[in-house]
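Enquirer: what follows is a predicted protein model with its sequence.
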Amino acid sequence: MLPWLVISFLAVLDFGFCAYGLIATEDAARIGAAWGAAASANALSGTTFTNKVCTYAIGELQYAPNVGTTVTTCTGTSPIRVTATYNSSGADTLPTVTVTVTYTVNLLAYPEVSQANLSIQRSVQLPVRN
Amino acid sequence: MRRRKQRRGELLVEFTLCSIPLIFICISVFWMAVDMWEYHTLVAAVNEAARYASVHGSDCAGKTCAIRVEDVANVLANRAVGLPPGRINATLTSSAQNYTCNPLTSCQTNASAWPSLAANTPATAGAGTDISISATFTVGEPKDIWVPGAGTVKFNGWTLGANSTQPVVY
């Protein structure tokens, strides 16, 4: 009985961090897409768009495990990855922006049961407003 | 017959020895789940409040849609179901004006305009400003335990946090 309870304690902890990451990643993708969709100049700004999405994603995930204040980029060993693209003919043939945010959360690994980390990915597509 | 008599009460002793850690772990699982729920509620509430603020920027300055610090604080407090506003510390940041709400209740009657101010401009054509809401919540459950010889042992609560930075939309 005791091992099961200990495992359930750790599972609650892991699940909680994953759920937090899921909520924050979803929010980060929406916020990044909102910035890109605000104006076609934003949507077409390329690297500026990607950097802006990265800044928002780091802000959203600031209190998530494995991020904190040490993560300042979305490249290299960063647990946060972002892509931001402009589609001249996206959903409903409207010009849209698509933002994808990927966050890798470290888990407590259970041998033969789960892996040591989990990647959470969320994509948001929004029509460009003007 | 003599051996059976010596083993009487064995089950009771074993049950007592096992049940003590079991009870503690059951309580720990419960409170950990509650803390995680608070963690999620806080991040969702902060995002909701930041979104609310981001659509009431400079376009609302001087208009009927203008909002105040108390409006944002109340959105955060109402959205953070189960988290007492008195234990939430929040910081409202914008390029125009910043407010520190330690605790959040101190801002729930603050009638200063925020972020409906001229300097908080919408994100258009590469310009525009951001607004940011950051909040922390100190967990404080009845985790105190009584330890023989040491009396009541108090555990320091830990702090959960959430942040949301969003572009001003209107």
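Expert: Arrived safely.
Enquirer: can you report how many residues lie near the residue of chain A found nearest chain B?
Expert: Residue nearest to chain B within chain A: residue A:16 (2.9 Å; C-beta to the nearest C-beta). C-betas here are computed from N, CA, C, even on glycine. Using other C-beta atoms under 10 Å in any protein chain shown, residue A:16 has 19 other residues around it.
Enquirer: what helix or strand does residue B:24 sit in?
Expert: Using DSSP states H and E, residue B:24 falls within helix B:10-54.
Enquirer: mind giving me the packing neighbours of that helix?
Expert: helix A:2-37, helix B:69-79, strand B:88-94, strand B:130-138, strand B:159-167 (3 or more C-beta pairs under 8 Å, 6 or more residues apart in numbering or on different chains; DSSP states H and E).
Enquirer: now do the contacts for the closest residue to chain A within chain B.
Expert: Going by C-beta to the nearest C-beta, chain A is nearest to residue B:36 of chain B, at 2.9 Å. Neighbour list for residue B:36: A:12-13, A:15-17, A:19-20 [criterion: C-beta atoms under 8 Å, 6 or more residues apart in numbering or on different chains].
Enquirer: ok, back up a step: and residue A:68, which of the helices and strands packed on helix B:10-54 is closest to it?
Expert: strand B:159-167 (9.9 Å; C-beta to C-beta).
Enquirer: please see if that closest one touches chain A.
Expert: Yes: judged by C-beta under 8 Å from any C-beta of the partner chain, strand B:159-167 comes into contact with chain A at B:160-167.
Enquirer: now tabulate those in CSV and tack on pLDDT.
Expert: Output for these, formatted as CSV (pLDDT from 0 to 100):
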residue, pLDDT
B:160, 92
B:161, 94
B:162, 96
B:163, 96
B:164, 96
B:165, 95
B:166, 95
B:167, 94
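Enquirer: scan those residues and report the most crowded one.
Expert: Highest count within the residues of strand B:159-167 next to chain A by other C-beta under 10 Å belongs to residue B:162, 32 neighbours.
Enquirer: surely that one touches residue B:91?
Expert: No: contact between residue B:162 and residue B:91 fails when scored by C-beta atoms under 8 Å: they sit 11.4 Å apart.
Enquirer: need the overlap of contacts for these two.
Expert: B:134-135.
Enquirer: quick one: the helices and strands packed on helix B:10-54 as CSV, columns for distance to residue A:104 too.
Expert: As requested, the helices and strands packed on helix B:10-54 are exported to CSV (distance: least, C-beta to C-beta, whole Å):
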stretch, distance to residue A:104
helix A:2-37, 9
helix B:69-79, 28
strand B:88-94, 28
strand B:130-138, 23
strand B:159-167, 19
